[in-house]
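Enquirer: Mind looking at a prediction? Sequence and model below.
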Amino acid sequence: MQIHFTARKFKARTEIKDHALDVVKKLDKFYDGIVRSDIILSFERKTPSLKMAEINLRVHGTVLSAREKSEEFIKSIDLAVEKLERQLAKYKTKLRRKNKKTLRRVKQETTSPILGEEE
């Protein structure tokens with residue numbers, strides 16, 4: 001999995017960057033088909049200082065994304081990763097259902113007698 005880290009209009013501290021990279025690498029245990037992930041950190045407002053973390057995961061066939069805001073970057077990253085864990089679980093179940101349906105259809109086609117033949 002390729003991981004791209006971006007901090008918009010500021011330079012991120014190394015502990016924030018390391019935390020973000022470690023947490024996103026752990027998403028690979030939920031689904032191994034993740035091709036690329038983009039981590040984007042930015043500020044929402046200066047006065048109350050809301051910090052936003054956006055994580056985009058490119059998996060085979062689709063893009064999963066999560067965006068969270070909080071007072072700290074680490075908290076925002078963790079909340080976004082929790083959202084992505086739920087999205088990955090849902091994506092995996094959809095894939096499994098789709099694969100089971102195609103397998104059942106193929107099995108029925110191969111085991112059913114051919115029309116026009118008599119025993």
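Expert: Thanks, I have the structure now. Numbers count the residues shown, from 1 in each chain.
Enquirer: so where do the helices sit in this protein?
Expert: With DSSP state H, the ranges of helices along the chain come out as 14-26, 73-111.
Enquirer: any idea of the mean pLDDT for the shortest one?
Expert: If I follow you right, that is helix 14-26. The predicted model assigns helix 14-26 a mean pLDDT of 96.
Enquirer: hang on, the earlier thing: between the helices of the chain, which one is nearest to Phe43?
Expert: Evaluated over the helices of the chain, closeness to Phe43 peaks at helix 73-111, with 9.6 Å, by Cβ to Cβ. (Each C-beta comes from the backbone N, C-alpha and C, glycine too.)
Enquirer: on that earlier part again, may I see the helices of the chain organised as CSV, with mean neighbour count added?
Expert: Converted to CSV, the helices of the chain look like this (neighbours: other Cβ atoms under 10 Å):
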stretch, mean neighbour count
helix 14-26, 15
helix 73-111, 14
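Enquirer: Mind telling me which of these the model trusts least?
Expert: When the helices of the chain are ranked by mean pLDDT, helix 73-111 comes last with a mean of 85.
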